[in-house]
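Enquirer: next come a sequence and a model predicted from it.
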Protein chains: 2
Amino acid sequence: MKVLVTGAAGFLGRRLVKALLAGAPGLPGVSTIVAADTAACSIDDPRVDGRTGTIADDRFAASIVERNVDVVYHLAAIVSGGAEADFDLGMRVNVDATRTLLEACRHLGNRPRFVFTSTLAVFGGPLPAVVPDDIAVMPQSSYGAEKAIVELLVNEYSRRQFVDGIVCRLPTVAVRPGKPNAAASSFVSGILREPLAGIDTVCPVPLDTRLWIGSPALVAGNLVHAARVRTSDLGDRRTVNLPGLSVTPAEMLDSLERAAGARTRARVRCELDRRIMRIVCTWPGAFDVSRALRLGFSADRDIDSIVRQFIVEHREEQPA
Amino acid sequence: MKVLVTGAAGFLGRRLVKALLAGAPGLPGVSTIVAADTAACSIDDPRVDGRTGTIADDRFAASIVERNVDVVYHLAAIVSGGAEADFDLGMRVNVDATRTLLEACRHLGNRPRFVFTSTLAVFGGPLPAVVPDDIAVMPQSSYGAEKAIVELLVNEYSRRQFVDGIVCRLPTVAVRPGKPNAAASSFVSGILREPLAGIDTVCPVPLDTRLWIGSPALVAGNLVHAARVRTSDLGDRRTVNLPGLSVTPAEMLDSLERAAGARTRARVRCELDRRIMRIVCTWPGAFDVSRALRLGFSADRDIDSIVRQFIVEHREEQPA
């Protein structure tokens, strides 16, 4: 099958491209992946066709949607901190560029699968402890509002049979490798990654804040699965709250201590940041994911397995 | 105060302009109403400044948002049947033109009140008998999807303090005078208006379908009220389900018979139309409107008073 991945050079995008290349039961083998991003994704495989450009440029966005593409993964986005800082840029990339991609898919005429990664940032305001499928979104950030708008577009383009869409509301992906980024949720990875690398860091939200997280391997695997879900099983609701793990920073730090000792844990201190709290503390801490599980999506087992996954994969980056 | 009304030549728009000119307690007097529509609104009052053009034209849309406007009522839209028939036109008018208006308001810098009329067509799929405030939208029409997208935009532009927005989800307005239109809900007025004018007509949905309706006087009055609501009372949710009356076509026809006799009622026959049922039968038939009532919006008393309102206002159009 022929695949397009936007945001392919990002951490999750690269992971997804590799998972697609590796293949999965019940999914046709990959013949080509058009891997688009503002930077090269640099995966050395003859099936990967890298394209460098911004989807904010209409012509670039239209050019990457090639005839006969079977599955489009649209991951590229301005993240939460960035969209909050620059409203117009967020709208242009997160909304308008997505619409350009959807329009290009519509005009192909072959109704490709369109997998859109959305976010729990579409939620806000008072919420039940466990969020059901049918609760109203109420974004408290531009990023969340933009993602919620695109959720509606993907549902509508699917209802009109322009694309065969599925919206995956991802948990916060942790542990991300690399550097902190502009996402308000950047600390969720940071409070595990930085101390493991011997770096002091800060938790900007109260230690008992409920977070909804998923490991990189799990989220990439679930995105691969999104290409093979029978969309007729989705009914009229193309949006799925993907499984995650409900944990607090305190529980994450307990797990860190179990894996790497008290001195490592001591590198994290709590220093509240109102700007980040205002965004992150409006996100739900747990979802009812029975529908996602019925659809065949998977869940992480526990926080220790997430911490272990990171330590094993990034052993060489940690201090001796 | 200075007001802009889009869709001012429409039935509801004209009614709103007249109600604004008449004034309301707690609302500053009107100095000017820019009354914009594709046709002239033809209300003879020196305070009415009519503008003819389409908001699909960016320059026209931007030109009607004048410096120092205090309240913008955005009613103009491609209706449900029209947006379903022409997807691109619906998106251009219902989404893009609204965004142009919001952008123009944003750049005024005085944060005008922005009253947006939305619809129960944002809902669909399985719903509880009485729909609460916090249930997820799931549009089953392009019109509903477009209105739901703009709801998110108005909420976001308000959160960022670009405008002081309020979204009024209107019940189906009945009884509309005049001719049937392209709205899927056109019959809701038709099954009362046509027989009263001595014309045979059709009810295209089952007679026990729950409809959520509001009289023209009530809806116009509630829109006037939307200009004086304290938006701080709205909390983070700028969207309000306005009060309506939950009735079935059978109950409407009983009321028609009480007001005008069995022969008038006999002019309506039931002839199911799958295209209309597919849209209308996914709309909710009743809402929990306790929040709207707390905010000071009003409700119709009963179906008989709605039928009476129409008969009194349009006596001259009925056969002797």
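Expert: Perfect, thanks for sending it. As the structure is a prediction and not an experimental result, all values here were calculated from the model.
Enquirer: mind telling me which residue of the stretch 151-300 of chain A is nearest chain B?
Expert: Nearest residue of the stretch 151-300 of chain A to chain B: A:Glu156, at 3.9 Å (Cβ to the nearest Cβ). Quick note: C-beta positions are derived from backbone N, CA and C, even for glycine.
Enquirer: so that residue: helix, strand or coil?
Expert: helix (DSSP: H, G, I helix; E, B strand; the rest coil).
Enquirer: quick one: contacts for it?
Expert: Contact analysis of A:Glu156 by Cβ atoms under 8 Å, 6 or more residues apart in numbering or on different chains lists B:Pro139, B:Ser142, B:Ala145.
Enquirer: could those go into a markdown table alongside neighbour count, pLDDT and secondary structure?
Expert: As requested, the contacts of A:Glu156 are exported to a markdown table (neighbours: other Cβ atoms under 10 Å in any protein chain shown; pLDDT from 0 to 100; DSSP: H, G, I helix; E, B strand; the rest coil):
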| residue | neighbour count | pLDDT | secondary structure |
| --- | --- | --- | --- |
| B:Pro139 | 24 | 95 | coil |
| B:Ser142 | 26 | 96 | helix |
| B:Ala145 | 29 | 98 | helix |
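Enquirer: do I have it right that A:Leu4 meets A:Ile33?
Expert: Yes: the pair A:Leu4 / A:Ile33 is scored as a contact, 7.5 Å apart, by Cβ atoms under 8 Å.
Enquirer: show me which residues of the stretch 201-320 of chain A are close to chain B?
Expert: Within the stretch 201-320 of chain A, the positions adjacent to chain B are A:Gly235, A:Asp236, A:Arg237 by Cβ under 8 Å from any Cβ of the partner chain.
Enquirer: quick one: buried ones out of these?
Expert: Buried subset of these (neighbour count, 16 or more other Cβ atoms under 10 Å in any protein chain shown): A:Arg237.
Enquirer: tell me the SS of A:Asp133?
Expert: coil.
Enquirer: same thing with A:Ala292?
Expert: helix.
Enquirer: about what we covered before: quick one, grab the pLDDT at the residue of the stretch 151-300 of chain A closest to chain B.
Expert: A:Glu156 is assigned 98 on the pLDDT scale.
Enquirer: check A:Asp302 too.
Expert: Value for A:Asp302, per-residue pLDDT: 97.
Enquirer: identify the residues contacting it.
Expert: A:Leu245.
Enquirer: over to A:Val150?
Expert: A:Asn94, A:Val95, A:Thr98, A:Phe116, A:Ser118, A:Val167.
Enquirer: quick check: it vs A:Glu257, distance?
Expert: As for A:Val150, its distance to A:Glu257 is 39 Å (criterion: Cβ to Cβ, to the nearest Å).
Enquirer: and A:Ala56, by the same measure?
Expert: 43 Å.
Enquirer: for chain A, what spans make up the helices?
Expert: Here chain A has its helices, by DSSP state H, at A:11-22, A:58-64, A:80-85, A:87-90, A:98-108, A:142-159, A:186-196, A:216-226, A:249-260, A:262-265, A:274-280, A:290-294, A:303-313.
Enquirer: got the angle for the first one vs helix A:216-226?
Expert: Helix A:11-22 and helix A:216-226 meet at an angle of 60 degrees, taking axes from the mean of the first three to the mean of the last three Cα atoms, to 10 degrees as the criterion.
Enquirer: any idea what A:Val240 is bridged to?
Expert: Beta bridges link A:Val240 to A:Cys168, judged by DSSP bridges.
Enquirer: buried residues in stretch A:228-247?
Expert: By 16+ other Cβ under 10 Å, the buried positions in stretch A:228-247 come out as A:229, A:234, A:237-247.
Enquirer: just put those in TSV and tack on pLDDT.
Expert: Putting the buried residues of stretch A:228-247 into TSV (pLDDT from 0 to 100) gives the following:
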residue	pLDDT
A:Val229	97
A:Leu234	95
A:Arg237	94
A:Arg238	97
A:Thr239	97
A:Val240	97
A:Asn241	96
A:Leu242	97
A:Pro243	97
A:Gly244	96
A:Leu245	96
A:Ser246	96
A:Val247	97
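Enquirer: looking at those, which are in strands?
Expert: Within the buried residues of stretch A:228-247, residues falling in strands by DSSP state E are A:Thr239, A:Val240, A:Asn241, A:Leu245, A:Ser246, A:Val247.
Enquirer: pretty sure the last one sits against A:Asp304.
Expert: No: with contact defined as Cβ under 8 Å, A:Val247 does not count as touching A:Asp304 (10.6 Å).
Enquirer: sorry, back to before: most packed of the helices of chain A?
Expert: Of the helices of chain A, the one with the most neighbours on average (mean count of other Cβ atoms under 10 Å in any protein chain shown) is helix A:142-159, at a mean of 25.
Enquirer: how many residues are close by the nearest residue to A:Gly235 once chain neighbours are set aside?
Expert: Counting by Cβ to Cβ, 6 or more residues apart in numbering or on different chains, A:Gly235 lies nearest to B:Gly125, which is 7.3 Å off, once chain neighbours are set aside. If you count neighbours by other Cβ atoms under 10 Å in any protein chain shown, B:Gly125 ends up with 14.
Enquirer: and B:Gly125, what pLDDT?
Expert: Value for B:Gly125, per-residue pLDDT: 86.
Enquirer: that one touches B:Trp283, doesn't it?
Expert: No: under the criterion of Cβ under 8 Å, B:Gly125 is not in contact with B:Trp283, lying 10.8 Å apart.
Enquirer: count of neighbours near A:Leu120?
Expert: Neighbour number of A:Leu120 under other Cβ under 10 Å is 26.
Enquirer: OK, contacts around it?
Expert: A:Arg169, A:Leu170, A:Pro171, A:Thr172, A:Trp212, A:Asn241, A:Trp283, A:Pro284, A:Phe287 are the contacts of A:Leu120 under Cβ under 8 Å, 6+ apart.
Enquirer: where does chain A dip in pLDDT?
Expert: A:316-320 (pLDDT under 70).
Enquirer: picking up where we left off before, and which of the ones in strands among the buried residues of stretch A:228-247 is nearest B:Gln161?
Expert: A:Thr239 (28.7 Å; Cβ to Cβ).
Enquirer: and the closest residue to the closest one other than its chain neighbours, what does it touch?
Expert: In this structure, A:Thr239 finds its nearest non-sequential neighbour in A:Val167, 4.1 Å apart by Cβ to Cβ, 6+ apart. By Cβ under 8 Å, 6+ apart, A:Val167 lies in contact with A:Phe116, A:Ser118, A:Val150, A:Glu151, A:Val154, A:Asn155, A:Arg238, A:Thr239, A:Val240.
Enquirer: 6 Å instead?
Expert: A:Phe116, A:Ser118, A:Glu151, A:Val154, A:Arg238, A:Thr239 (Cβ atoms under 6 Å, 6 or more residues apart in numbering or on different chains).
Enquirer: can you check A:Phe297 too?
Expert: Contacts of A:Phe297 (Cβ under 6 Å, 6+ apart): A:Asn222, A:His225, A:Leu242, A:Pro243.
Enquirer: one step back: which among the helices of chain A is found nearest to B:Asp300?
Expert: Comparing the helices of chain A under Cβ to Cβ, the one sitting nearest is helix A:142-159, at 30.6 Å.
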